[in-house]
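# What follows is a predicted structure for the sequence shown.
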Amino acid sequence: MDPLIHSLLTEIRRGNLTLAVLSQLRSPQYGYSLVQLLKELGVVIEQSTLYPLLRRLEKQKLVTSFWDKSDKRPRKYYQLSGYGEEVFHQLRKEWMKNTKKLYGVLSEGEGEHEFD
Amino acid sequence: MNLIDLYIQEVTRWLPKDERKDIALELESAIYDMLPENYGEEDVYQVLEVMGDPAVLANKYREKPMHLIGPKYYDVYMSLLKIILPIAIVISLLTVVGVEFLNSIEDNTALQTLLSLIGDVISNVITASIQAFVWLTVIFALIERVDGMNDGLPRWMGFKSWSPEHLKQAKNVSEKKAIKTSEVYARLIWTAFWGTGYFYADHLLGIYENGANGLRLVIPVFNQDVLMSFWTWIVLLIGAEVVLAIYKLIKKQWSQKLATFNMIYEFVSAVIFIIILTRADLFTVEFLTQLSDWFNLTLTNIKNILVGGSITITLVHSGISIIDRFRKANVKTS
């Protein structure tokens, strides 16, 4: 792929991935299960992107985490916090609105009347 | 140690100590999750390949910037560097002169004095430039790292975000009003020159003779004692010149206020020079005698011509400077 297109796509995807991750954290998930879950839904996320992202979300208090050491392998679970849920709803609403508009703009000829 | 542990160590060594353990444990668990039940070395390779370069992964964990000075502060940094570097050079130049002046010079030839001065000036200027550059860079690198506002917007002079208000300050800089930076620096360098000449007059200014030991100053023009009795005034003048230069570099154009400051400076310096020039014993008797021999004039005549000529030049120069700056300040720009 053209490297320019690649970097533009990465830019577009970056914000969307945060939303996708937040959407799946209403129930507790650990890293690998989250990757699988998103893959089933058709969203590919690199591991090397996911773990730092989860950590950042935790620092921003959008998710909480806990270690489950009962299994033979300890796992760090993440889950939306109350604040995170609030933020996620807001973001989702905005995303829906904006995407609808952008969809209108990008589907040639039908876009104009979508502006308000 | 197996490959996985090595990989994790490579990632975490870039990270803050208090986060290392947690991240290491999570990465380890994640990597084993990705491996099949009975894995071989090939599988480990594949999984680590997917995880990618440890340095890149570590950088994604760190939120600190990977650059020294980013786009947000680059403009301010560069403009400050352009102002500070030349000023540091001029100040270091003046310092050398000042320090040399305090350490009495042995009775060397003028050429030796000049050469050792030039040597000191060059090494001092280089040191000062490096110092100015390093400190400014360190300060900006620190600002970049402690800046809590991650807005990424460029900062301009004054560290404020841009607003249309900035245009009002910028709109008036027209060609005719502008202060050329080269002109400011030329003046500073000239100041350094005459400052050196003033404090080393008995070593530099005078009638030279080519003797066995090379060029040697035989008759100095001025009585250094007389010059030295005004040293505080001269230092104040040089200080005022440097302050005025900095102010000019910041303002970038002539205004009424700047022209008024310039007038005060020119006026005061003219007065000081005239007071010095009219001191009875300013010129050495030897120098005056030599001149009167050459031009066949009486001592008094020679002295009057020298003093009168210098005063005229001082007054004309100051007058032109004052009028010219006000003329520039009053140029209509609309």
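Nice, thanks for sending it over. Quick caveat: nothing in here was measured; it's all calculated off a predicted structure. Residues are numbered from 1 along each chain as shown, chains lettered A, B, ... in the order given.
# Tell me where chain A has helices.
Counting by DSSP state H, chain A has these helices, from start to end: A:3-23, A:31-40, A:47-59, A:82-106.
# so which of the ones you listed is the most packed in?
Most buried of the helices of chain A by mean neighbour count (mean count of other Cβ atoms under 10 Å in any protein chain shown) is helix A:47-59; its value is a mean of 19. All C-beta atoms are positioned from the backbone trio N, CA, C, and that covers glycine.
# where are the low-confidence patches of the stretch 151-300 of chain B?
B:151-162, B:166, B:168-173, B:211-215 (pLDDT under 70).
# follow-up on the earlier one: same list (the helices of chain A) but as a markdown table, adding distance to chain B and mean pLDDT.
Formatted as a markdown table, the helices of chain A follow (distance: least, Cβ to the nearest Cβ, whole Å; pLDDT from 0 to 100):
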| stretch | distance to chain B | mean pLDDT |
| --- | --- | --- |
| helix A:3-23 | 12 | 89 |
| helix A:31-40 | 4 | 92 |
| helix A:47-59 | 4 | 90 |
| helix A:82-106 | 17 | 94 |
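# want to throw the ones you listed into JSON lines with distance to residue B:318?
Below are the helices of chain A laid out as JSON lines (distance: least, Cβ to Cβ, whole Å):
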{"stretch": "helix A:3-23", "distance to residue B:318": "61"}
{"stretch": "helix A:31-40", "distance to residue B:318": "77"}
{"stretch": "helix A:47-59", "distance to residue B:318": "64"}
{"stretch": "helix A:82-106", "distance to residue B:318": "66"}
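# So which of these is nearest residue B:75?
Residue B:75 sits nearest to helix A:3-23 of all the helices of chain A, at 23.3 Å, using Cβ to Cβ.
# Tell me if I'm right that residue B:25 and residue A:73 touch.
No: counting by Cβ atoms under 8 Å, residue B:25 stays clear of residue A:73, with 10.0 Å between them.
# Of those two, which one has the most company?
In this view residue B:25 and residue A:73 are compared by other Cβ atoms under 10 Å in any protein chain shown, and residue B:25 has more residues nearby, 17 against 13.
# Give me the number of neighbouring residues for the closest residue to that one other than its chain neighbours.
Leaving out its chain neighbours, the residue that sits closest to residue B:25 by Cβ to Cβ, 6 or more residues apart in numbering or on different chains is residue A:74, at 6.2 Å. Neighbourhood size, residue A:74 [other Cβ under 10 Å]: 14.
# before we move on, what about the one 3 residues further on?
Number of residues near residue A:77 (other Cβ under 10 Å) recorded here: 18.
# Now do the SS call for residue B:210.
Of the three states, residue B:210 takes strand under DSSP: H, G, I helix; E, B strand; the rest coil.
# who's it bridged to?
Judged by DSSP bridges, the bridge partners of residue B:210 are residue B:215.
# and it, how many neighbours?
Neighbours of residue B:210 using other Cβ under 10 Å come to 8.
# what do you get for residue B:128?
Residues within reach of residue B:128, counting by other Cβ under 10 Å, total 20.
# ok but it is inside a strand, no?
No: counting by three-state DSSP, residue B:128 falls outside a strand, being helix.
# Unless I'm misreading it, it sits right up against residue B:92, doesn't it?
Yes: counting by Cβ under 8 Å, residue B:128 does reach residue B:92; the two are 3.5 Å apart.
# hmm, back to that, contacting residues for the residue nearest to residue B:25?
Residues in contact with residue A:74 (Cβ atoms under 8 Å, 6 or more residues apart in numbering or on different chains) are A:67-68, B:25, B:29.
# Let's verify residue B:207: helix, strand, or coil?
Here residue B:207 is strand, with the state taken from three-state DSSP.
# Quick one: residues contacting it.
Applying Cβ under 8 Å, 6+ apart, we find residue B:207 in contact with B:217-219, B:221, B:287, B:290.
# what's next to stretch B:270-285, contact-wise?
The contact list for stretch B:270-285 (Cβ under 8 Å, 6+ apart) reads B:219-223, B:226-227, B:230, B:233-234, B:237, B:303, B:306-307, B:310-311, B:314-315, B:318.
# Name only those of these that count as buried.
For those, a burial check counting by 16 or more other Cβ atoms under 10 Å in any protein chain shown picks out B:219-223, B:226-227, B:230, B:233-234, B:237, B:303, B:306-307, B:310, B:314, B:318.
# Where strands are concerned, which of the residues you listed count?
Among those, the ones falling in strands (DSSP state E) are B:219-220.
# For the stretch 51-200 of chain B, which residue gets nearest to chain A?
Closest contact between the stretch 51-200 of chain B and chain A, by Cβ to the nearest Cβ, is at residue B:60 (3.8 Å).
# Just give the closest residue to that residue, not the sequence neighbours.
Take residue B:60 and drop its neighbours on the chain: the residue closest to it by Cβ to Cβ, 6+ apart is residue A:52, 3.8 Å away.
# Next, the contact list for that neighbour, please.
By Cβ under 8 Å, 6+ apart, the contact set of residue A:52 is B:57, B:60-61.
# Kindly check the end-to-end length of stretch A:54-64 for me.
End-to-end span of stretch A:54-64 (Cα to Cα, to the nearest Å): 10 Å.
# Let's see the pLDDT reported for the closest residue to residue A:68 other than its chain neighbours.
Once flanking residues are discounted, residue A:68 sits nearest to residue A:75: 5.1 Å by Cβ to Cβ, 6+ apart. Looking at residue A:75, its pLDDT is 90.
# Quick check: residue A:75 touching residue B:29?
Yes: counting by Cβ under 8 Å, residue A:75 touches residue B:29, with 5.5 Å between them.
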